[in-house]
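Asker: Starting from these lines, generate the structure:
(2 chains)
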Amino acid sequence: MLVRRNLIFVLMSLEVMLNAAGLAFVVAGARWHQADGQVVFLFILAMAGAEVAVGLALVRQIYERFRSLDADALSEMKG
Amino acid sequence: MELAFYIAGAVAVIATLLMLTRVNVVHALLYLIVSLLAVAVVFYTLGAPFVAALEVIVYAGAIMVLFVFVVMMLNLGEHGVELEKQWLTPGIWTGPVLLASILIIAVFYLVRGGTAGLATGAVEPKEVGIALFGPYLIGVELASMLLLAGLVGAYHLGFRKAEKPEIQYGRYTAERRAAASGNPVLARTDQLARTP
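Answerer: Now for the predicted structure:
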């Protein structure tokens, strides 16, 4: 269950989760002396950059339209 | 070496937990930056210096600046002044500064110890580059296409509609520009000069 409903907090938590996944990849790469873990971390980094750019643009549009950053304010969107 | 790893890991976990429990977005961002720096130190102790540098540059440098920029842009509301007054109370920055100073002590400890401990299990940036542009070349291409799509999408979504209709300057350019800028003197002199 999501506790935080602020959209910026949702995006920041997403960053933390992606970072945790990347950390797991790098630790596995260091454990088996392979470069693949770091390569996958680079891909995660690029994906996080693209995701946060689009996500923050969406947050800005939502704030312009609804004047709120609450994720529940968007529950009237249907269809 | 291992002590620095455990200290940085503990700092990362504590900073992330404090980030998740903050009410204010900017305070949470401060803790998140500390958390990312701690994860960068963890990467360095694990023998991945290239990834540690990228973590600092891209995550703590670029993505966090983007977050701060958007937060500052959104908070320009009518109650922004009161919020600013509320944020200016001292003592809020002590938590992140404390965690960051613990982190910097760990980094000094690492630097003084030299790179001797780094040798076990270290993956050089050269190997990463060879793997990245060898078997993972198609992934690099896909990442570049994803970044291009993100760029175009962010530009499209962040586009603000023009609030005023565009003033179309025609023949009497100087006159209309003066009239549009609300300077009656300039507009009138231009008109007077035009009458025979």
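Asker: quick one: contacts for residue B:99?
Answerer: B:11, B:14-15, B:31, B:34, B:38 (CB atoms under 8 Å, 6 or more residues apart in numbering or on different chains). Quick note: C-beta positions are derived from backbone N, CA and C, even for glycine.
Asker: rerun at 10 Å
Answerer: Going by CB atoms under 10 Å, 6 or more residues apart in numbering or on different chains, residue B:99 touches B:10-12, B:14-15, B:18, B:30-31, B:34-35, B:37-38.
Asker: Now the buried members of those.
Answerer: Buried by 16 or more other CB atoms under 10 Å in any protein chain shown: B:11-12, B:14-15, B:18, B:30-31, B:34-35, B:37-38, out of the contacts of residue B:99.
Asker: Chain A: which of these is nearest?
Answerer: Chain A lies nearest to residue B:35 out of those, by CB to the nearest CB, at 7.2 Å.
Asker: In three-state terms, label that closest one for me.
Answerer: For residue B:35, the assignment made with DSSP: H, G, I helix; E, B strand; the rest coil gives helix.
Asker: Quickly note the distance from it to residue A:26.
Answerer: For residue B:35, the distance to residue A:26 equals 16 Å [CB to CB, to the nearest Å].
Asker: Same question for residue A:57.
Answerer: Residue A:57 is 29 Å from residue A:26, by CB to CB.
Asker: for residue A:20, same thing?
Answerer: 11 Å.
Asker: what touches both of those two?
Answerer: Common neighbours of residue A:20 and residue A:26 (CB under 10 Å, 6+ apart) are residue B:39.
Asker: Quick check on these two: which one has the bigger neighbour count.
Answerer: Per other CB atoms under 10 Å in any protein chain shown, whichever of residue A:20 and residue A:26 has more neighbours is residue A:26, with 25 against 13.
Asker: which sections of the chain are below the confidence cut-off?
Answerer: Using chain A. Along chain A, the model assigns pLDDT under 70 to residues A:1-3, A:77-79.
Asker: should've been chain B
Answerer: Within chain B, the stretches with pLDDT under 70 are B:75-90, B:114-121, B:161-196.
Asker: those helices in it, which residues are they?
Answerer: Here chain B has its helices, by DSSP state H, at B:2-20, B:25-45, B:49-54, B:64-74, B:80-87, B:94-113, B:125-132, B:137-157, B:173-181, B:184-194.
Asker: so of those, which one's packed in deepest?
Answerer: helix B:25-45 (a mean of 23; mean count of other CB atoms under 10 Å in any protein chain shown).
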